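[1] I'll drop the sequence and a predicted model, then ask my questions.
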Amino acid sequence: MARKFILTKEADLPISRLSIPYQDELNEQQFEVVTSGSGPVLVVAGAGTGKTRTLVYRVAYLVETGVAPEQIVLLTFTRRSANEMLNRASGLLDGRCKLVRGGTFHAFCLTILKQHAPKLGFPSNFTILDSSDAADVIDVVRATAPINTQGKRFPRKNTLLSIFSAVRNKGANIEAIVEKAYPQFTQFVPEIESLFEVYSAYKKAHGLMDYDDLLILTIQLLQGHPSVLREVASACRYVLVDEYQDTNRAQAVIVQALASVHHNVMAVGDDAQSIYGFRGADFRNILGFSSDFEGARILKLEHNYRSTQKILDLANVLLDDAKRKYDKRLFTQKTGGDLPGLVPAPDDRFQSRFVAQLILQFREQGIPLQEMAVLFRNGHNSFDLEIELNKKNIPFVKYGGLKLAEAAHIKDLLAHLRVIENPKDTVAWNRILQLLEGVGPKTAGRIIDWIETEAAETFELRERPFSAAYIESLRALFVMLRSVKQSDASPSSQIESILAYYAPILKRVYYEDFPKREQDLEHLVGITQSFQDRASLLDSLALDPVELTAIDTDPEKNDEPPLTLSTIHSSKGLEFKVVFIIHALDGVIPSSFSVGEEDSIEEERRLLYVAVTRAAEQLYISYPTLQFRRYEGQYFTKPSRFLETISPSVLEICSLVEETPAELGSHASALELPPASTEVP
């Protein structure tokens, strides 16, 4: 009798035969998500509910049940988060998890375009433009386009870039975007439409793509070439998407395309944390998941591991009045703790003194400064507090600094590498030529015209009546470019060669602080040592810029890890034991610009929810009751409308009392915080 073998299906593999004890290490909701099988699934993951942990176990579970890791795609919004998840999954299971294709939407699209760009009329060695370079290209085409502004104010390059980006990310037309967000420019809609076409043609002619192109051109490729769509989607057996509430419409279309063959997509996100509408994020993607993916199941994560229940009660109440949402209630096993406090302050100065005093008090109680944060709606909301913190010698760091690849000297160096990789990159040419003594914008333009027709590929100076003012420096530039182009050196060695040429330019152009800028360049050399080729280095720095330069972070003296000041938008994903939310005013949160638009008001409500859920143990929300306007004088304020109807049993109202000198002297070293009276000396 012939032997009979039974091939076990992945979904039929008993959980008891797996090496990881999933049921022991996950709560009931997490376990259901991790073992959810095939088909489309939306996971509504509340703040602090272990979303990342659940995704890590999901990756490990898929690999352990027989899915080839190369057929799993993990899409995130930062390369760092993807690497972290895959490393953690490898620690749980084994090194196979590192073979999962993980990364950002833009990076994943880049890998597709590098293979198929010629099908769209682009060279394979196209250059990626960051936002400032893209704006410069717009300026170039704007200067040559036959646009008659009739002596009226025409939008500047950054405004035009924002319009073009909104058009592509939101799937809208220029007229609709301009009428809604830039009504002052509606008379120029035809000219803006024409400029958009010229901008697109210029990029194609010079082998350039901006960030939005990486998404939009990938969609065009997949929709216009069915064989490419089949090839790409067939290789994506399981698609996992993190932070789905932050996707724009283009990204949602890409997810649908990748899942079009196997239909196995798991999107994880929290509709209550959708706060990036200004970047193009579309709240409708997560709400409309069931419509986009037929037969989708909705699973929830509601067990919070970060905050006390009293803080979560406030978060839940904030969402009770939300107009469109997935119903969920955050809960925790962390009972006890203080109620969140609502602290009206007489003015900005009192608010700042209150926050600074409590920070020092919590520090004396053993909570490090780095485990405390002050959050605010806008960057300028913290200016008064920063003065007070400096007075009290409290070190702090404010989020939102310059990224390494955005610093002028780094852009200078990388521009040289870019023209070596793509000699048609006129934006990079313009930058490096104007670093030469005697070369201004007009001269750079004339040289670029000559380079495009005579010397783009060879970097050779042929016979031409160049000016004596810059001929020697131009010759030195071409010698260096040609030498690096012809070498087989590693990217780090190429950077070293460029740096040797650039060093005297750095000292001449940035004389006042060039030593610190040299540290940045040395840091860049260190980063490049892990790259095998020039193209991957340039792509990586363009897609995922390294944060913080030596100029910003070089400390003046050794000190304890600092307090965090941050806009609420920049705080998403972070957590602290103690959180202060300042300037919780109507007109600030919600912003006065959102009034009258329901979707905008709802996003502002979610923004406050994000701020509240950063707190683990202590939460204080404050606002000044009196403020000053330059032309109106002093006026009384109103607290955020989102807080007005919340019961004192959920949000305790505190008061600030000014101590007399006698009272201060009697207990200055041991100030107390009574339940309903927070005293400020």
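    That came through, no problem. Numbers count the residues shown, from 1 in each chain.

[2] model confidence over the top helix by length along the chain, on average?
    Criterion DSSP state H: the longest helix present in the chain is helix 491-509. Mean pLDDT, helix 491-509: 91.

[3] ok, now stretch 39-54?
    Rounded mean pLDDT across stretch 39-54 is 95.

[4] Render the CA-only coordinates of the longest helix of the chain in CSV, please.
    Provided in CSV are the C-alpha atoms of helix 491-509 (Å, rounded to 0.1, in the frame of the first residue of the first chain):
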residue,chain,number,x,y,z
PRO,A,491,30.8,55.5,-1.0
SER,A,492,32.6,56.5,2.2
SER,A,493,35.9,56.8,0.3
GLN,A,494,34.1,58.9,-2.4
ILE,A,495,32.8,61.2,0.3
GLU,A,496,36.3,61.5,1.7
SER,A,497,37.6,62.6,-1.7
ILE,A,498,34.8,65.2,-2.1
LEU,A,499,35.5,66.3,1.5
ALA,A,500,39.1,66.9,0.7
TYR,A,501,38.1,69.2,-2.2
TYR,A,502,35.3,70.8,-0.2
ALA,A,503,37.2,71.6,3.0
PRO,A,504,38.6,75.0,2.0
ILE,A,505,35.2,75.9,0.5
LEU,A,506,33.5,75.1,3.9
LYS,A,507,36.0,77.3,5.7
ARG,A,508,35.4,80.2,3.3
VAL,A,509,31.6,80.0,3.2
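
[5] Show me which positions of it end up buried.
    Neighbour-count burial for helix 491-509, counted by 16 or more other CB atoms under 10 Å, picks out Pro491, Ser492, Gln494, Ile495, Ser497, Ile498, Leu499, Tyr501, Tyr502, Ile505, Leu506, Val509. Yep, even glycine has a C-beta here, placed from its N, CA and C like the rest.

[6] what element comes up after the helix or strand bottoming out on mean pLDDT in the chain heading to the C-terminus?
    Here the helix or strand of the chain ranked lowest by mean pLDDT, DSSP states H and E is helix 550-553, holding a mean of 38. Going down the chain from helix 550-553, the next helix or strand is strand 563-567, by DSSP states H and E.

[7] Which strands and helices lie in contact with the helix or strand following that next one?
    Sequence order places helix 568-571 as the next helix or strand after strand 563-567, per DSSP H and E. When contacts are defined as 3 or more CB pairs under 8 Å, 6 or more residues apart in numbering; DSSP states H and E, helix 568-571 packs onto strand 372-376, helix 598-612.

[8] at 10 Å instead, please
    Helices and strands touching helix 568-571, by 3 or more CB pairs under 10 Å, 6 or more residues apart in numbering; DSSP states H and E, are strand 372-376, strand 563-567, strand 576-581, helix 598-612.

[9] For the closest residue to Leu258 other than its chain neighbours, list the residues it contacts.
    Among residues not flanking Leu258 along the chain, Cys236 sits closest, at 4.6 Å (CB to CB, 6 or more residues apart in numbering). Counting by CB atoms under 10 Å, 6 or more residues apart in numbering, Cys236 touches 71-73, 75, 101, 108, 255, 257-262, 264-265.

[10] run the last query once more with 8 Å
    If you count contacts by CB atoms under 8 Å, 6 or more residues apart in numbering, Cys236 has them with Gln71, Val73, Leu258, Ala259, Val261, His262.

[11] Out of those residues, which is nearest to Pro395?
    Nearest to Pro395 among the contacts of Cys236 is Val73, at 42.0 Å by CB to CB.

[12] So what are the sheet partners of whichever helix or strand that closest one is part of and their directions?
    Element membership for Val73 (DSSP H and E) is strand 72-76. In the sheet, strand 72-76 lines up against strand 101-104 (parallel), strand 238-241 (parallel) (DSSP bridges).

[13] Ranked by average pLDDT, which of those falls at the bottom?
    The minimum mean pLDDT among the strands paired with strand 72-76 belongs to strand 101-104 (a mean of 90).

[14] The residue nearest to Leu258 belongs to a strand?
    No. Per DSSP: H, G, I helix; E, B strand; the rest coil, Cys236 lies outside any strand segment and is coil.

[15] Against Pro491, how distant is it?
    30 Å (CB to CB, to the nearest Å).

[16] hmm, back to that, redo the contacts of Cys236 as JSON lines? Include pLDDT and distance to Tyr211.
    Formatted as JSON lines, the contacts of Cys236 follow (pLDDT from 0 to 100; distance: CB to CB, whole Å):
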{"residue": "Gln71", "pLDDT": "96", "distance to Tyr211": "27"}
{"residue": "Val73", "pLDDT": "96", "distance to Tyr211": "20"}
{"residue": "Leu258", "pLDDT": "97", "distance to Tyr211": "19"}
{"residue": "Ala259", "pLDDT": "96", "distance to Tyr211": "23"}
{"residue": "Val261", "pLDDT": "96", "distance to Tyr211": "27"}
{"residue": "His262", "pLDDT": "96", "distance to Tyr211": "28"}
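
[17] Closest one to Leu113 out of those, please.
    Leu258 (14.4 Å).

[18] and the closest one, how many neighbours?
    Using other CB atoms under 10 Å, Leu258 is surrounded by 22 other residues.

[19] Would you mind confirming that it is in contact with Val73?
    Yes. Taking contacts as CB atoms under 8 Å, Leu258 lies within contact range of Val73: 6.5 Å.

[20] any common contacting residues for the two?
    Cys236, Val239.

[21] which secondary structure element contains the residue lying closest to Glu84 once chain neighbours are set aside?
    Leaving aside its sequence neighbours, Glu84 sits nearest to Thr52 (CB to CB, 6+ apart; 7.7 Å). Per DSSP H and E, Thr52 falls inside helix 51-64.

[22] Report the distance from that helix to the chain centre.
    Between the centre of helix 51-64 and the centre of its chain there are 23 Å (CA atoms, centre = their mean, to the nearest Å).

[23] Now do that helix and strand 72-76, the angle between them.
    170 degrees (axes from the mean of the first three to the mean of the last three CA atoms, to 10 degrees).

[24] which helices and strands does helix 51-64 pack with?
    Counting contacts by 3+ CB pairs under 8 Å, 6+ apart, helix 51-64 packs against helix 22-25, helix 28-34, strand 41-45, strand 72-76, helix 79-92, strand 238-241, strand 265-269.

[25] Out of those, flag the one nearest Ser647.
    strand 41-45 (26.1 Å).

[26] who touches that closest one?
    By CB under 8 Å, 6+ apart, strand 41-45 touches 33, 51, 54, 244, 265-271, 286, 289-290, 293, 296-301, 326, 328.

[27] Which strands border it, and is each parallel or antiparallel?
    Here strand 41-45 is paired, per DSSP bridges, with strand 265-269 (parallel), strand 297-301 (parallel).

[28] How far off centre is the last one?
    Distance, stretch centre to chain centre, for strand 297-301: 26 Å (CA atoms, centre = their mean).

[29] Grab the CA positions of whichever helix or strand comes after that strand and hand them over as CSV.
    Downstream of strand 297-301, the first helix or strand assigned by DSSP H and E is helix 309-320. Extracted in CSV, the C-alpha atoms of helix 309-320 (Å, rounded to 0.1, in the frame of the first residue of the first chain):
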residue,chain,number,x,y,z
GLN,A,309,-7.3,54.5,34.5
LYS,A,310,-8.0,58.1,35.7
ILE,A,311,-6.0,59.4,32.7
LEU,A,312,-7.7,57.0,30.4
ASP,A,313,-11.1,58.0,31.7
LEU,A,314,-10.4,61.6,30.5
ALA,A,315,-9.2,60.2,27.1
ASN,A,316,-12.3,58.2,26.7
VAL,A,317,-14.6,61.1,27.6
LEU,A,318,-12.8,63.3,25.0
LEU,A,319,-13.7,60.8,22.3
ASP,A,320,-17.3,60.4,23.4
